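[1] 3D model of this:
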Amino acid sequence: MRLWNRNFRHGVIYLWKYALAFFIFAVNAQDAFADKKVRGQAELYTHERYIAETKRRTAIDLTDPLAVFFWILERLPNEVVVYPTENYYYFKFTHMGSNYAGNIRLDASDRDEGFVHFAYDRQYYPWHRVIDPIYRKLSTRDGVMVKKVEALTYAISYKGKRRIFRLNDLTRVKPLSVQIGKDEQYIGPVYDESGVQFFLMFNSRLRIFLYVLNEQNSLAEQLVEKKKRTYIGLRSGFAYYQDKFYDRKILIGVHKHNYYVNNYFDGPFDQLPDNFIKGNSLKRAIIAIYPDLADQVDRFGRYYERDLRVMIKPYLIYEDIVDLEIISTCAQQVKLLKRDYYRCFSYQEEKNTLGINELPTGKTPRTGQLNTPGPFLGCKGRAQLIIRPNNLGTQNSCTSTNGKNIQ
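    This is a model prediction of the structure:
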């Protein structure tokens, strides 16, 4: 009896071990399959498919924003993921030989009030500049329902079509402590529409912003070192400088073509970390540079009286790798102190200069752009912080309100 019990017990143990091994194998296989589905195989895009798209004749009235909105909504899957941190869900389509682009946006400032922003038009090209894209702020008065399902998840319904929009949850995304400078404050994570991620930092002593590349996960592109400490992203054209004091790369340039056609690679200035800004941290940083804005902008840097937003763009717009030498030359100065080093990464296009402006202490300009006072090792300039259209996106103008971020 004891022998039978012992054999039975051993048999049960062996069966349990085999069952556990099979379960682990099944789980691992399922995870591998799921991971393969996420990563997937490379998509093949053929010229034949491109030609077919140019021949499409879609039955849609492009002059009717609600008709286009419904047409877009019904073609989306039941659930979608909104990656960019200013909550734009971008789309493109071809109609009668013309390429169209647009977005559905769940703005952090008013989505909980039931609003969704919708914009589209023919795609922007150098030979065809979109002057006034079609834009509507939609709500229940248009028959469009926006409902919060849970944190960072919203349902949009219109004419019987209901779609779930899951905003990108980057709550736990933070730079390593060794990547944050002594005088720096982490404002929040930036997920650019290019797929490249950044940490938005503010240096309180120098009063400048920096976009630091997030390399914690696999990068969405390959980087090539073109010159010492200067890297270029092959897909995006983004230019980075390897910090000599911290293990990090700082965004120093965006290619001119991408910036002016307003495509996915126009730079992270239009993807601020809206969902993750703590209290008034961004506003405090802005008014530290430009005190006159204290009563003019909200916690997102949006103007109360105008549909504009402060644009945070410390990097330069370059056309050739040579254009980036102004930054590397500044950063490689032998006599440059660590505390002044990061002034080299605040670029002012209008004056083709770096660092800070030679203004008397406390004096600020009245042009809508932000300066910080004092001379610096022969370099002068202004912290690049200018106005951009809010909600409507941008056509890269400091003052225009006509541009929609249709991309």
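[2] would you mind listing the buried residues in stretch 54-70?
    By 16 or more other CB atoms under 10 Å, the buried positions in stretch 54-70 come out as 62, 65-66, 68-70. From N, CA and C alone the C-beta is placed, and that goes for glycine too.
[3] helices of the stretch 151-300 of the chain, residue ranges please.
    Listed in chain order, the helices found in the stretch 151-300 of the chain under DSSP state H, counting those that start in this stretch are 256-261, 281-289.
[4] pLDDT wise, what is residue 126 at?
    At residue 126, the pLDDT value in this model is 78.
[5] related to what we said a few turns ago, tell me which of the helices of the stretch 151-300 of the chain is the most buried.
    helix 281-289 (a mean of 20; mean count of other CB atoms under 10 Å).
[6] check which helices and strands that one sits against.
    strand 184-191 (3 or more CB pairs under 8 Å, 6 or more residues apart in numbering; DSSP states H and E).
[7] go with 10 Å
    strand 184-191, strand 197-203, strand 208-213, strand 308-312, strand 385-389 (3 or more CB pairs under 10 Å, 6 or more residues apart in numbering; DSSP states H and E).
[8] nearest residue to residue 338 other than its sequence neighbours?
    Distances taken as CB to CB, 6 or more residues apart in numbering place residue 245 nearest to residue 338, at 5.9 Å, with adjacent residues excluded.
[9] go on, residue 92?
    That would be residue 101: by CB to CB, 6+ apart, it lies 4.8 Å from residue 92.
[10] thought residue 158 was touching residue 143?
    Yes - look at residue 158 against residue 143 with CB atoms under 10 Å: they come within range, at 6.1 Å.
[11] residue 66 reaches residue 139, doesn't it?
    No - Residue 66 lies out of contact with residue 139 (CB under 10 Å); the separation is 11.9 Å.
[12] residues touching the residue positioned nearest the centre of the chain, list them.
    Centroid-nearest residue in the chain, with CA atoms, centre = their mean: residue 192, separated by 2.3 Å. Residue 192 is in contact with 83-86, 198, 211, 220, 236, 238, 251, 264-271, counting by CB atoms under 10 Å, 6 or more residues apart in numbering.
[13] quick one: buried ones out of these?
    Using 16+ other CB under 10 Å as the burial test, these include 83-86, 198, 211, 236, 238, 251, 264-271 as buried.
[14] helix or strand for residue 339, just tell me which one.
    Under the criterion of DSSP states H and E, residue 339 resides in helix 338-341.
[15] what mean pLDDT does that helix have?
    Mean predicted lDDT for helix 338-341 stands at 90.
[16] same question for stretch 153-173.
    For stretch 153-173, mean pLDDT rounds to 98.
[17] same check, this time on stretch 41-56
    Per-residue scores along stretch 41-56 average to 89.
[18] circling back to that earlier point, show me what the host helix or strand of the residue nearest to residue 92 packs onto, helices and strands only.
    Element membership for residue 101 (DSSP H and E) is strand 98-105. Applying 3+ CB pairs under 10 Å, 6+ apart, we find strand 98-105 packed against helix 47-54, helix 65-75, strand 79-82, strand 88-95, strand 116-122, strand 134-138, strand 161-167.
[19] how many residues are close by residue 114?
    16 (other CB atoms under 10 Å).
[20] same question for residue 190.
    Neighbours of residue 190 (other CB under 10 Å): 27.
[21] and the pLDDT for the residue lying closest to it once chain neighbours are set aside?
    Nearest non-adjacent residue to residue 190, counting by CB to CB, 6+ apart: residue 198, 4.1 Å away. At residue 198, the model reports a pLDDT of 98.
[22] ok, now which ones touch residue 198?
    Taking CB under 10 Å, 6+ apart, we find residue 198 in contact with 85, 175, 188-192, 210-214, 238, 249-251, 268, 271, 273.
[23] report the beta-bridge partners for it.
    When assigned by DSSP bridges, residue 198 has beta-bridge partners residue 190, residue 213.
[24] could you measure from it over to residue 251?
    7 Å (CB to CB, to the nearest Å).
[25] what do the two both touch?
    Listed as contacting both residue 198 and residue 251 by CB under 10 Å, 6+ apart are 190, 192, 210-213, 238, 268.
[26] pick out the most distant pair among these.
    Distances among the shared contacts of residue 198 and residue 251 were taken as CB to CB; the most separated pair is 192 and 210, at 14.7 Å.
[27] ok so, going back, what pLDDT does the residue nearest to the centre of the chain get?
    For residue 192, the model assigns a pLDDT of 98.
[28] same question for the one 10 residues further on.
    What the model reports as pLDDT for residue 202 is 97.
[29] how close does it get to residue 261?
    Relative to residue 261, residue 202 is positioned 29 Å away (CB to CB).
[30] residue 164: how many residues sit nearby?
    Neighbours of residue 164 using other CB under 10 Å come to 15.
[31] then residue 165?
    Going by other CB under 10 Å, the residues that sit close to residue 165 add up to 23.
[32] now it, nearest residue through space, not along the chain?
    Nearest non-adjacent residue to residue 165, counting by CB to CB, 6+ apart: residue 154, 5.0 Å away.
[33] ok, that neighbour - contacts?
    Applying CB under 10 Å, 6+ apart to residue 154 gives the contacts 82, 87, 106, 111-112, 114, 116, 146-148, 163-167.
[34] and those, which are buried?
    By 16+ other CB under 10 Å, the contacts of residue 154 give 82, 87, 106, 111, 114, 116, 146, 163, 165, 167 as buried.
[35] farthest pair within the residues you listed?
    82 and 114 (17.3 Å).
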